[in-house]
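In: Here is a sequence together with a model predicted from it:
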Amino acid sequence: MKLLLIDDLRSFDDAKLIAVSRYRGASFVMERISSVSIARTLDTARVLLEKEHFDVLLVDHDLGETDSCGADALKHLIETYLNDHKQLPEHVFAVSSNPAGIKKIEGYAKDIQRLRKK
């Protein structure tokens, strides 16, 4: 499985620990990861999501000193899917410390799961 970490600071190992501690079943998913890509900015995340399919996304909300956030990458992914019928990730985990950001990411993650079932 291919994983994309969208986070301006965290390492994959740190983000993985957060996901595993926060979400039931994340440990099983993390054991199946075969490759990891990291996007430190929203622009990089958008480019990677348009070029490649990722099975798993680990998403931080606050991406540095800009107004962009990881949830914007999920919104972009959903819009791309609706317009171009791109494949959506199987798993999306929020790795943010921002409680409001976590809720926003989890809301988009639920939207992605609903779209996958169509």
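Out: Noted; the coordinates are in hand. Numbering: from 1, shown residues only.

In: Please count neighbours and contacts with C-alpha atoms only from this point.
Out: OK.

In: How about Ser34, nearest residue that isn't a chain neighbour?
Out: Spatial nearest neighbour of Ser34, chain neighbours left out: Met1 (5.2 Å); criterion: CA to CA, 6 or more residues apart in numbering.

In: Tell me which residues touch that neighbour, please.
Out: By CA atoms under 8 Å, 6 or more residues apart in numbering, the contact list for Met1 reads 32-35, 54-56.

In: Go ahead and build a PyMOL selection from the buried members of those.
Out: Buried members of those, defined by 16 or more other CA atoms under 10 Å, are picked up in PyMOL with:
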select buried, resi 54+55+56
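
In: Filter the contacts of Met1 down to the ones in helices?
Out: Per DSSP state H, helices hold no members of the contacts of Met1.

In: Among the contacts of Met1, which one sits closest to Gly70?
Out: Sorting the contacts of Met1 by distance to Gly70 puts Val56 at the head of the list, at 14.0 Å, by CA to CA.

In: residues contacting the closest one?
Out: By CA under 8 Å, 6+ apart, Val56 lies in contact with 1-4, 89-93.

In: Who does it form a beta bridge with?
Out: Leu3, His91 (DSSP bridges).

In: And it, how close does it get to Arg22?
Out: To Arg22, Val56 is 15 Å away according to CA to CA, to the nearest Å.

In: Please name every helix or strand in contact with the helix or strand containing Phe93.
Out: Assigned by DSSP states H and E, Phe93 belongs to strand 91-94. Counting by 3 or more CA pairs under 8 Å, 6 or more residues apart in numbering; DSSP states H and E, the packing neighbours recorded for strand 91-94 are strand 56-59, helix 99-116.

In: Point out the most buried one among those.
Out: Ranked by mean neighbour count under mean count of other CA atoms under 10 Å, the helices and strands packed on strand 91-94 are led by strand 56-59, which reaches a mean of 24.
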